[in-house]
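Student: Predicted model and sequence below, questions to follow.
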Amino acid sequence: MERPVLLLLLLLLVFVAAGACAAAGDDAVEGPHLLYLSDRNFEHDTQAATGQTTGSWLVLFTDPDFEEGKDAELALRKLLEETRDGHPLFAKVDVAKSPKTRKRFSITNPPQLKLFHDRRMFDYSGDWTAETISEFVKQGWKETRAEEVPPEAALGGDLMEAFQHKYSQALQFLGSHPMALAVAGTMVAVAGYSITSGILGGNGKARRRSGKKSARGRKKD
C-alpha cells in the first residue's frame with residue numbers, strides 16, 4: 001500500500017500548490033500607500049473587537065471585480081497623502097481573498113468604507129472623493145450611527161471556512177490551467193487503480209493462503 005499512499009500525498013500537494021498559486025498576494029503586506037489587511041491579520045493589527053488599542057482605522061473593503069472600487073481607493077490614497085498626523089490608519093481589504101472578513105462585516109456590495117474608532121465602527125455613505133471622505137473622518141462620523149464591532153468567528157468555523165475557500169481556489173486554478181488539471185486527474189486515476197489493485201490482490205492472496213491451509217488439513221486427515 002506504499003505506492004497508493006505516496007500518490008495520494010502527491011495529489012494533495014497538487015491541490016495545496018494550486019490553492020497557494022490562486023491565493024498569491026493574500027499575505028499581509030504594506031503597499032505604497034494603504035496598509036493591506038486580510039483574514040490573517042485583520043484582528044491582530046486593528047484589534048477592532050478587542051479594545052482598538054492600535055488606534056483608529058479607516059478601512060476600505062474592496063473587490064477588484066467592482067470598477068467603483070478603483071475610484072474609492074484612489075480617493076483614499078489622495079486623502080492619505082494629505083494627512084500629516086498619521087491618524088487614522090488607512091487600510092484596505094480585498095474581500096475576494098478574505099472571505100472570513102467579508103462575512104464578518106457583511107460586505108455584500110463593495111466598495112464599502114468603515115471607520116473603526118472609539119471601540120465602535122461607523123459606515124461611510126458619501127461620494128468617493130477625498131474631500132467628502134475627509135469630512136467624514138473629521139466630523140461626519142459623529143452624525144453616523146455607531147455599531148458594535150462583530151467578534152471573530154469561532155476557531156472551528158474559521159478552519160472549515162478556510163478549507164472551503166482554499167478548496168474552491170484550487171478548483172478554480174485547476175479549471176483555468178488544463179495541464180495541472182490533467183496531471184491531477186491522472187494521479188487520481190493511478191491512485192484509484194493502485195488502491196483497487198492492492199485490495200483485490202490482498203484478497204486474492206488471502207484466498208490462496210486459505211486454500212493451501214485447507215488442502216494441508218485434508219491431507220492430514
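Tutor: Done, it's in.
Student: Point out where this structure drops to low pLDDT.
Tutor: For the chain, the stretches with pLDDT under 70 are 1-32, 155-174, 177, 180-185, 187-188, 190-221.
Student: In it, what residue spans correspond to helices?
Tutor: 2-22, 42-46, 68-82, 99-104, 130-138, 155-176, 178-220 (DSSP state H).
Student: which residues are contacting the third one?
Tutor: Looking back up the chat, that one is helix 68-82. Contact partners of helix 68-82, identified using Cβ atoms under 8 Å, 6 or more residues apart in numbering, comprise 33-34, 58, 60, 62-63, 90, 92, 110-111, 113, 128-130, 133-134, 137. Every residue, glycine included, has its C-beta placed from N, CA and C.
Student: Mind giving me the ChimeraX command for buried ones among the residues you listed?
Tutor: In ChimeraX, a selection of the buried entries from these looks like this (16 or more other Cβ atoms under 10 Å):
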select :34,58,60,62,63,90,92,110,111,113,128,130,133,134,137
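Student: so of the contacts of helix 68-82, which ones are in strands?
Tutor: By the criterion of DSSP state E, membership of those in strands covers 58, 60, 62, 90, 92, 113.
Student: Could you export those residues as CSV, including distance to residue 101?
Tutor: Rendered in CSV, the data for the ones in strands among the contacts of helix 68-82 read as follows (distance: Cβ to Cβ, whole Å):
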residue, distance to residue 101
58, 15
60, 12
62, 12
90, 17
92, 11
113, 14
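Student: wait, doesn't residue 36 sit right on residue 97?
Tutor: No - shown here, residue 36 and residue 97 do not form a contact pair, counting by Cβ atoms under 8 Å, at 10.0 Å.
Student: if you count what's nearby, which of the two comes out ahead?
Tutor: In this view residue 36 and residue 97 are compared by other Cβ atoms under 10 Å, and residue 97 has more residues nearby, 20 against 17.
Student: wait, that one sits on residue 38?
Tutor: Yes - A contact is recorded between residue 97 and residue 38 when judged using Cβ under 8 Å, the distance being 6.4 Å.
Student: List of residues touching stretch 115-131?
Tutor: Under the contact criterion Cβ under 8 Å, 6+ apart, stretch 115-131 has outside partners 46, 48, 51-52, 56-59, 68, 71-72, 74-76, 78-79, 82, 88, 111-114, 132-133, 135-137, 140-141, 144-149.
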